[in-house]
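*Asks:* mind folding the following:
(chains A, B, C and D)
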There are 2 protein chains.
Amino acid sequence: MSRTIGTGNGGRATGLPTLEEVAARAGVGRGTVSRVINGSPRVSEETRALVEAAVAELGYVPNRAARALAGNRTDAIALVVPEPEDRFFAEPYFSEMVRGVGAALADTEMQLLLTLAGNDRERKTLAQYLAAHRVDGVLLVSMHAGDPLPDLLEQLSIPVVISGRRAADETLAAVDSDNFEGARAAVAHLTARGRRTVATITGPLDVYGAQRRLDGYRSGVAGAGLDADPRLTAVADFTEQGGRLAMRKLLEDRPDLDAVFAASDVMASGARHVLRESGRRIPDDVALVGFDDSAVARHMDPALTSVRQPTEEMGRTMARVLLEEIARPSPERPQIVLPTELVVRDSS
Amino acid sequence: MSRTIGTGNGGRATGLPTLEEVAARAGVGRGTVSRVINGSPRVSEETRALVEAAVAELGYVPNRAARALAGNRTDAIALVVPEPEDRFFAEPYFSEMVRGVGAALADTEMQLLLTLAGNDRERKTLAQYLAAHRVDGVLLVSMHAGDPLPDLLEQLSIPVVISGRRAADETLAAVDSDNFEGARAAVAHLTARGRRTVATITGPLDVYGAQRRLDGYRSGVAGAGLDADPRLTAVADFTEQGGRLAMRKLLEDRPDLDAVFAASDVMASGARHVLRESGRRIPDDVALVGFDDSAVARHMDPALTSVRQPTEEMGRTMARVLLEEIARPSPERPQIVLPTELVVRDSS
DNA sequence: AAGAAGCATGGGAGCGCTCCTATCTGGTCG
DNA sequence: CGACCAGATAGGAGCGCTCCCATGCTTCTT
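*Replies:* Predicted coordinates for the structure are as follows:
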């Protein structure tokens, strides 16, 4: 035996005040300080004041790790971004959503963990991490329809909120934008300006949001009694190149079209190039409307009319829903659909 | 006394396997498992295999909180983003840098904590958090020259790396792009194409990077023996509106200019509008070059020639430098300057 | 006036690790 | 052949909290 008393490993002093020291300073017990820190009502006013003074004097900040270990919660949520999904990283999604989430967390003790789930190895590790309850809740963005992660987390009863429903029968808590109505409004706007032959360039239809935009387009077309020729619909993949190809096909099939609704600004940008090449003027000959209201839309020439999604608000809402679920677990899985807004510019 | 034996608080079973259980399963001691988990060489091959098998069978994942508490490190770094600084959130900075940081961290146990330091209250909390060693290191992006945070962290001997030097005499570890050379190359490119009266629209000159871009412009102008009229320099603020105002002023003072180097794409976009309004054609009458190579540049009409910064690589490099400093603390404060690249498009 | 009841409080136990020392084993050396 | 050494391992102590039980008062109750 040696005189390793009061040392152990922790001998590495951090110099930071501990609960115990605050207690000593305030002349109370450890438990009482804990109660004050955590806002328990079972503390007398005087004692509370005493403790708070000690906390302030020492500049005490609770040790998160100790708290997590003892309390079996981490006060942290993870934002999981499937990295191959480049689209999400495109402006404006990522920044705005992070901003919204950050805003919702600002008044909380919650930390935000950013997890880029890239390759499969990472996704495995990730599943393990989250499974090991390393976080109190998870925000999932831009999930593919077939990804096992969401349901896996649900099974582990880790609170989850996803952005964008994966399908019409989404079972998880989700926050989505009103893709259907946004698209419908875009078409309505075009018809209100006298366009009669409105084409659309869609995203990949296994992405639910893209499907809903197409549904909204169809509803708009039907509602105005327009030409519903299937050759006025071209499926693309949300890329500029895809937008170009789709636009070429549309012009080939229906050279008489007088408006195009593209399901993303980037695809609209591709379409614009092709329209220009074909000698058509925007908006004189063909009106063009995009979706996302990104920087691309604002700086396009002519400036692109586009459907704005409240991305930041989506982030804020997701965080709020998640915090609520963490605070008061319930079997409910709220699904919130936020309205979109048509931003009219020069292209229509 | 009660028979509260073996319960205490921790009675809340997580169901997750612990080190102890792995040890029992493998028929070894706790310490041995710990050694295996942490890759200590002081374990025999057989024992290691035994333990690894037990780990795999039980699906053991170490508890981060316990590890942090016992080891006095969190295996997490924070990315601090001063939120009022909208510019950083603009494409492409934020996404690309996060991506780079994420990539560098992918092969690590390190977690990435995203901290939006908004208002003053948050910044205080932040200082406390970081001061309380809640993280192993900090990445600081887009810091203002006068912000106390960087030096505060340095004093607390928390490893820090910042993006972009704050001044010529930066003392902290920093990763920057070669603003000077990027600007010089832009001007060289313009003169190589026969432009003789090259103006510039700068960012706010208390931002070091903006100053360096101006220096680079001047060097380019001097190197080519061009007109160095101070009226060919207009200070703006990185916004589109600022770009417009600056461009108007330039045209007023020097209507004969035949090229403009804007220190950001967004300002270039503003300049473009004013040039158009004045009846000038791009690039025929006036060539235009931007900086950042953002989405704005790619989608502008005509597509904007721009100086690309290796943002993702900056993120990756920052993370690497930070990890190195965490692993092997040293008094060195490396400052790495990454090269920029001129992306020539139709505007010049 | 004695017991019941309600608060505020103190502090033990334990969360799951890491670190470190003590122990054990087998081999080496004079 | 016994002292010595090095490598491998076991397990105690402690990290800084949260929970919960027990304690000591004070205030009611009957």
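*Asks:* contacts, neighbours, all on C-alpha from now
*Replies:* Will do.
*Asks:* helices along the stretch 51-200 of chain A, start to end?
*Replies:* Under the criterion DSSP state H, counting those that start in this stretch, helices of the stretch 51-200 of chain A are mapped to A:64-71, A:86-89, A:93-105, A:120-131, A:149-155, A:179-192.
*Asks:* again with the stretch 201-348 of chain A
*Replies:* Remark: helices assigned in the stretch 201-348 of chain A by DSSP H, counting those that start in this stretch are A:208-223, A:240-253, A:265-277, A:295-299, A:311-327.
*Asks:* of all these, which lies closest to DNA strand D?
*Replies:* helix A:311-327 (12.1 Å; Cα to the nearest atom of the strand).
*Asks:* so what's A:V36 closest to, chain neighbours aside?
*Replies:* Distance criterion Cα to Cα, 6 or more residues apart in numbering or on different chains; nearest residue to A:V36, sequence neighbours excluded, is A:R48 at 6.1 Å.
*Asks:* secondary structure element holding the one you found?
*Replies:* helix A:45-58 (DSSP states H and E).
*Asks:* what comes up buried for that helix?
*Replies:* Neighbour-count burial for helix A:45-58, with 16 or more other Cα atoms under 10 Å in any protein chain shown as criterion, is recorded at A:T47, A:R48, A:L50, A:V51, A:E52, A:A54, A:V55.
*Asks:* repeat for stretch A:176-195
*Replies:* A:176-191, A:195.
*Asks:* check whether the helix holding A:R48 comes near DNA strand D.
*Replies:* No: Helix A:45-58 lies apart from DNA strand D when judged by Cα under 7 Å from any atom of the strand; the minimum separation is 10.5 Å.
*Asks:* hmm, who's touching that helix?
*Replies:* Surrounding helix A:45-58, the residues in contact under the criterion Cα atoms under 8 Å, 6 or more residues apart in numbering or on different chains are A:P17, A:V22, A:A23, A:R25, A:A26, A:V28, A:V33, A:V36.
*Asks:* now the residues you listed in CSV, with secondary structure and neighbour count?
*Replies:* CSV is the format used below for these (DSSP: H, G, I helix; E, B strand; the rest coil; neighbours: other Cα atoms under 10 Å in any protein chain shown):
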residue, secondary structure, neighbour count
A:P17, coil, 16
A:V22, helix, 25
A:A23, helix, 20
A:R25, helix, 17
A:A26, helix, 21
A:V28, coil, 15
A:V33, helix, 28
A:V36, helix, 20
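*Asks:* out of these, who's nearest A:L251?
*Replies:* Set against A:L251, the nearest of the contacts of helix A:45-58 by Cα to Cα is A:V36 (70.1 Å).
*Asks:* just to check, that closest one is in contact with A:V43?
*Replies:* Yes: here A:V36 lies in contact with A:V43, judged by Cα atoms under 8 Å, at a distance of 7.0 Å.
*Asks:* among the helices of the stretch 51-200 of chain A, which is nearest B:S294?
*Replies:* helix A:86-89 (13.2 Å).
*Asks:* pLDDT of the closest one, averaged?
*Replies:* Mean pLDDT, helix A:86-89: 66.
*Asks:* rewinding a little: mean pLDDT lowest for which of the helices of the stretch 201-348 of chain A?
*Replies:* Of all the helices of the stretch 201-348 of chain A, helix A:295-299 carries the lowest average pLDDT, namely a mean of 87.
*Asks:* packing partners for that one?
*Replies:* Packing partners of helix A:295-299 (3 or more Cα pairs under 8 Å, 6 or more residues apart in numbering or on different chains; DSSP states H and E): helix A:265-277, helix B:295-299.
*Asks:* ok, 10 Å please
*Replies:* helix A:265-277, strand A:287-292, strand A:305-308, helix B:265-277, helix B:295-299 (3 or more Cα pairs under 10 Å, 6 or more residues apart in numbering or on different chains; DSSP states H and E).
*Asks:* how far away is the residue in the stretch 201-348 of chain A positioned nearest to DNA strand C from A:L140?
*Replies:* For the stretch 201-348 of chain A and DNA strand C, the shortest gap (Cα to the nearest atom of the strand) falls at A:I326, measuring 19.8 Å. From A:I326 over to A:L140 the distance is 15 Å, taken as Cα to Cα, to the nearest Å.
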